[in-house]
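A.B. asks: Fold the following, please.
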Amino acid sequence: MGLAWVFKPVTFNRYFWVVYVLILVFSWVFHQLLKYFLSGWLNRLSIQEIIIKGAALLNGLGVAALLVVASGPLMGSLDNIRRSVLIVSLLLFCSGLFMFIASIKTKELVELFFYSNQCTEPKKISAGKDLLKILDTSAIIDGRIADLCKTGFLEGVLIIPHFVLNELQKIADSSDPLRRNRGRRGLDILNKIQKENQVPVRIFDMDYEDLAEVDTKLLRLAKEFEAKVVTNDFNLNKVAELYGVEVLNINDLSNAIKPVVLPGEEMMVHVLRDGKEYGQGIGYLEDGTMIVVEGGKNYIGLNTDIIVTSVLQTSAGRMIFAKPKDYLVSKVTSL
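C.D. replies: Residues are numbered from 1 along each chain as shown. Just a heads-up that it's a prediction; the model follows:
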């Protein structure tokens, strides 16, 4: 019999055109429903994922077609209804199987086919969640991330989401000169990191249209890819704890490598201005650490010797509280 069953003439009855019109109407309605329900889902998929899943669907249909052709003798022995049921079952099974595999292994397939030319091998990239680090806007604008990459202490792959780039672009196009300079600085930092090529940098065009806030999108992306977020935003650090997302806070790192200052140490500081409380003066160390000098208002504009009384360490930074040495000495001698 061979493939003779494939070329059997098709006979049309009087209901053919009615069925044909109904199929056209159903197709249009189905298209509108897909557009309404799936547009948001498709917007959340990257173009790489769409290509991978589309290729999986075509491969499944191709395998099903080969099985249908290979089972020609069996198909020819069946009537039209059973033959149609068997063909549709093979198509659904094969396409569904390949789509299921593609959905489970999407990240690995994207790494294999789209990022295999990067300097880091796909297997090494997917070997652990600690190797994926997502940069937020504040960390990029801050600029210290470029120096950190240059030192070689930061390992893995830096992920730049497309919605973060969009936010940087909006800041760079702002009418406010300060915001515009910050945005342009962030774009320059990204170009510097990519050119130096110390750490692989990848742009993810995945977006979440159902979310408005960039920070919320960032945390969902980190949650889905089991990645860490690199930031210096104190508020984002707190929200990430609620999401169960690990954070690498640049300020924490900066504070950790600052010289240790202990209560009782003496140092010299230039008092610049008034503090918030009455009689306070404010000065800064070379690394930017703020020093609150109790009774330092009288020393504004002067370099004065101080003695550290306490140190306050938080994720937002470090503050040193001190008193003028002259004040403490005079108090001791008066006793």
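
A.B. asks: For the residue nearest to the spatial centre of the chain, which non-adjacent residue is spatially closest?
C.D. replies: Using CA atoms, centre = their mean, the residue of the chain that lies closest to the mean C-alpha position is Ile134, 4.3 Å off. Nearest non-adjacent residue to Ile134, counting by CB to CB, 6 or more residues apart in numbering: Ile159, 4.5 Å away. For the C-beta atoms, the positions are set from N, CA and C on the backbone; glycine is no exception.

A.B. asks: number of nearby residues for that neighbour?
C.D. replies: 24 (other CB atoms under 10 Å).

A.B. asks: list the helices and strands the strand or helix carrying Ala65 packs on?
C.D. replies: For Ala65, the element it lies in under DSSP states H and E is helix 47-70. Here helix 47-70 touches helix 80-104, helix 106-114, going by 3 or more CB pairs under 8 Å, 6 or more residues apart in numbering; DSSP states H and E.

A.B. asks: where does this structure have its least confident helix or strand?
C.D. replies: helix 122-125 (a mean of 40; mean pLDDT, DSSP states H and E).

A.B. asks: Neighbouring strands of the following helix or strand past that one in the sheet, and parallel or not?
C.D. replies: For helix 122-125, the succeeding helix or strand toward the C-terminus, using DSSP H and E, is strand 132-135. If you go by DSSP bridges, strand 132-135 pairs up with strand 157-161 (parallel), strand 228-231 (parallel).

A.B. asks: got a list of contacts for the helix or strand just after the last one?
C.D. replies: What that stands for is strand 228-231. Following strand 228-231 in sequence order, the next helix or strand is helix 234-243 (DSSP H and E). Residues external to helix 234-243 that are found in contact with it (CB atoms under 8 Å, 6 or more residues apart in numbering): 136, 138, 215, 218-220, 222-223, 229, 231, 246-247, 249, 251, 315-316.

A.B. asks: who wins for most neighbours among those residues?
C.D. replies: Top of the contacts of helix 234-243 by neighbour count (other CB under 10 Å): Leu218, with 30 neighbours.

A.B. asks: low pLDDT regions in the stretch 151-300 of the chain?
C.D. replies: The model of the stretch 151-300 of the chain has no residue with pLDDT under 70.

A.B. asks: can you give me the strands for it?
C.D. replies: 157-161, 201-204, 228-231, 247-249, 266-274, 281-284, 290-293 (DSSP state E, counting those that start in this stretch).

A.B. asks: JSON lines for the ones you listed, including distance to Ile307?
C.D. replies: Output for the strands of the stretch 151-300 of the chain, formatted as JSON lines (distance: least, CB to CB, whole Å):
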{"stretch": "strand 157-161", "distance to Ile307": "43"}
{"stretch": "strand 201-204", "distance to Ile307": "46"}
{"stretch": "strand 228-231", "distance to Ile307": "35"}
{"stretch": "strand 247-249", "distance to Ile307": "30"}
{"stretch": "strand 266-274", "distance to Ile307": "5"}
{"stretch": "strand 281-284", "distance to Ile307": "13"}
{"stretch": "strand 290-293", "distance to Ile307": "10"}
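
A.B. asks: which SS state does the closest residue to Asp233 other than its chain neighbours fall under?
C.D. replies: Once flanking residues are discounted, Asp233 sits nearest to Ser138: 4.5 Å by CB to CB, 6+ apart. At Ser138 the chain is in helix, as set by DSSP: H, G, I helix; E, B strand; the rest coil.

A.B. asks: Was I right to think Ser138 contacts Asn232?
C.D. replies: Yes - Ser138 is in contact with Asn232 according to CB atoms under 8 Å; the separation is 5.3 Å.

A.B. asks: hang on, the earlier thing: so the residue nearest to Ile134 makes contact with Leu132?
C.D. replies: Yes - look at Ile159 against Leu132 with CB under 8 Å: they come within range, at 6.0 Å.

A.B. asks: what residues do the two have in common as contacts?
C.D. replies: Joint contacts of Ile159 and Leu132 (CB under 8 Å, 6+ apart) are 225, 227.

A.B. asks: mind listing what Val261 touches?
C.D. replies: The contact partners of Val261, by CB under 8 Å, 6+ apart, come to 267, 289, 308, 311, 320.

A.B. asks: just for the stretch 1-150 of the chain, where's the confidence low?
C.D. replies: Using pLDDT under 70, the stretch 1-150 of the chain drops low at 1-20, 27, 30-48, 50, 75-76, 103, 105-130.

A.B. asks: and Phe93, what does it touch?
C.D. replies: Neighbours of Phe93 in contact, by CB under 8 Å, 6+ apart: Ala64.

A.B. asks: got it, and the one 4 residues further on?
C.D. replies: For Leu97, the residues meeting the contact criterion (CB under 8 Å, 6+ apart) are Gly60.
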